[in-house]
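what follows is a predicted structure for the sequence shown.
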Amino acid sequence: MKYIVLLGDGMSDKKLEELDGKTPLQYAKTPNMDFMARRGKMGLAKTVPDGFPPGSDVANLSVFGYDPRTCYSGRSPLEAASIGVELGSDDVAFRLNLVNLRAQGGKVFMQDYSAGHISDQEGKELVQALQKELGSKEFQFFPGVGYRHLMVWREGEDGMLVTPPHDISGQEIADYLPKGPGADRLINLMNSSQMIFHNHPQYKKRLAEGHLPANSVWFWGHGKAPRMETFQNKFGMSGAVISAVDLIRGIGCYAGLESIKVEGATGYVNTNYLGKAEAALKALEKVDYVYLHVEAPDEAGHSGNLKDKILAIEKFDELVVGTVLEGIKKFGEYRILCTPDHPTPVKLMTHTAAPVPFVIYGGESEENSSLAGYDEESAKSTGLRVEEGFRLMEMLRN
């Protein structure tokens, strides 16, 4: 038996007037997900436990089959594992976003949480400059991907309150700066980064090219190293993970899964959808389980870009779901779980904890013609609701 998870990050949404009262999933052309929905087991799953933030870290842990209530310690320790940064028991990892802040009327606003979707190389240059100017035995800076990077505070504080920058797009930042023990140290680093970036050659270069420059760092998602049982021990299966995002690869690292990198996998709407699907099918020749993650719908949601979100959903359906549906037949027995991790409504431009539509398909042929297809309303109409999202893994295997 082969198992695969096809995860369209943030695909779920709300009904929109621009789409004649439909959600992006209802509006988009998704014949392959619709096919599975009418022939498989569909319902709604609560992937974010009560009291937890609706982050991709929490929600994806659930879909991987891990109960966040027992193993979640923060987002950045997972990202640290992905890029090979070891954490001591008292070290605290922070997500370091490269952002663009805008000053207006004596106030400062979060202009862009991704600094204009800065490139990997440009991001690396800036993080290397931070390490050169601000790095020490206490604070260390590590390059990641695009605007997503890492800072480690050795034997640092982890009790402060921080806010994800994508939650405050267009808003004044004063009320969302770090608060609590050690917050003043983080704010000082943020202020220092602004001078470093302003004097970096890249700043004027991006302005001249018509791009937003990174003019500050923003810290969030902190935590200490988690303790997780390996996937092999927990489920008795070998596996692999495919994603352009360090967070997802980091969960895979702690779970003992092989991380497969795909050329052209960007995390944006221009990602290599087909390459991911083909890599997953190839991996299934050697392992029992693959977790295939596509970030593009989530990024479009955070940007408030409805057109790109619909495009990302359609590309996911055509090039990922369609390719896997056809290619997985060669293995004989198989099971597919297709789901978002959480909603990322384009009007809100951030995550919510609402339950998400899922479908589990294993080659069933009898069609339920009463279902419109794969979307939030159809999933709700089945009456199947999974209150603990981590149990999706049990359902996939049974």
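Ah, there it is. If you're wondering where the values come from, they're calculated on a predicted model, not measured in any experiment. Numbers count the residues shown, from 1 in each chain.

what does stretch 118-133 contact?
For stretch 118-133, contacts defined as CB atoms under 8 Å, 6 or more residues apart in numbering pick out 96, 98, 140-149, 192-193, 196-197, 200, 202, 206, 214, 217. (Each C-beta comes from the backbone N, C-alpha and C, glycine too.)

among those residues, which are in helices?
Within the contacts of stretch 118-133, residues falling in helices by DSSP state H are 192, 193, 196, 197, 202, 206.

contacts only, for the fifth one.
When you say that, I think you mean residue 202. 122, 125, 126, 213, 214.

packing partners of the lengthiest strand in the chain?
Ranked by number of residues, the top strand in the chain under DSSP state E is strand 92-104. Applying 3 or more CB pairs under 8 Å, 6 or more residues apart in numbering; DSSP states H and E, one finds that strand 92-104 contacts helix 76-82, strand 107-112, helix 120-134, strand 148-153, strand 216-223.

out of those, which is the most enclosed?
By mean neighbour count, with neighbours taken as mean count of other CB atoms under 10 Å, helix 76-82 ranks first of the helices and strands packed on strand 92-104 at a mean of 27.

mean confidence score for that one?
Average pLDDT, helix 76-82: 92.

out of the helices and strands packed on strand 92-104, nearest to residue 385?
Closest of the helices and strands packed on strand 92-104 to residue 385 is helix 76-82, at 27.6 Å (criterion: CB to CB).

CA atoms only: put the closest one into PDB for me.
Extracted in PDB, the C-alpha atoms of helix 76-82 (Å, rounded to 0.1, in the frame of the first residue of the first chain):
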ATOM      1  CA  SER A  76      11.200  28.400  14.000                       C
ATOM      2  CA  PRO A  77      12.700  25.300  15.700                       C
ATOM      3  CA  LEU A  78      11.200  23.300  12.800                       C
ATOM      4  CA  GLU A  79      12.700  25.700  10.300                       C
ATOM      5  CA  ALA A  80      16.000  25.400  12.000                       C
ATOM      6  CA  ALA A  81      16.000  21.700  11.600                       C
ATOM      7  CA  SER A  82      15.400  22.100   7.800                       C
END
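
quick one, what contacts residue 244?
Here residue 244 is in contact with 145, 262, 265, 266, 267, 271, 293, 295 (CB under 8 Å, 6+ apart).

returning to that earlier point: and the ones in helices among the contacts of stretch 118-133, which are buried?
By neighbour count, with 16 or more other CB atoms under 10 Å, the ones in helices among the contacts of stretch 118-133 hold 193, 196, 197, 202, 206 as buried.

mind putting these in TSV, distance to residue 164 included?
As requested, those are exported to TSV (distance: CB to CB, whole Å):
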residue	distance to residue 164
193	18
196	23
197	20
202	24
206	23
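
returning to that earlier point: indicate which one of the helices and strands packed on strand 92-104 is closest to residue 44.
helix 76-82 (25.6 Å).

contacts made by that closest one with the rest, please.
With contact meaning CB under 8 Å, 6+ apart, helix 76-82 is reached by 57, 86-87, 93-95, 142, 144, 148, 150, 152, 221-226, 246-254, 259.

find the nearest non-adjacent residue to residue 103, please.
In space, and not counting its chain neighbours, residue 103 is closest to residue 109: 7.8 Å by CB to CB, 6 or more residues apart in numbering.

what are the phi and psi angles of residue 357?
Note on residue 357: its backbone torsions stand at phi -80, psi 130 [degrees, to the nearest 10].

if I look at the residue nearest to it when sequence neighbours are not counted, how far off is residue 304?
Leaving aside its chain neighbours, residue 357 sits nearest to residue 379 (3.4 Å; criterion: CB to CB, 6+ apart). The gap separating residue 379 from residue 304 is 24 Å, by CB to CB, to the nearest Å.

neighbour count for those two, which is higher?
residue 379 (25 against 15; other CB atoms under 10 Å).

would you confirm that that one contacts residue 43?
Yes - using CB atoms under 8 Å, residue 379 is in contact with residue 43, at 5.7 Å.
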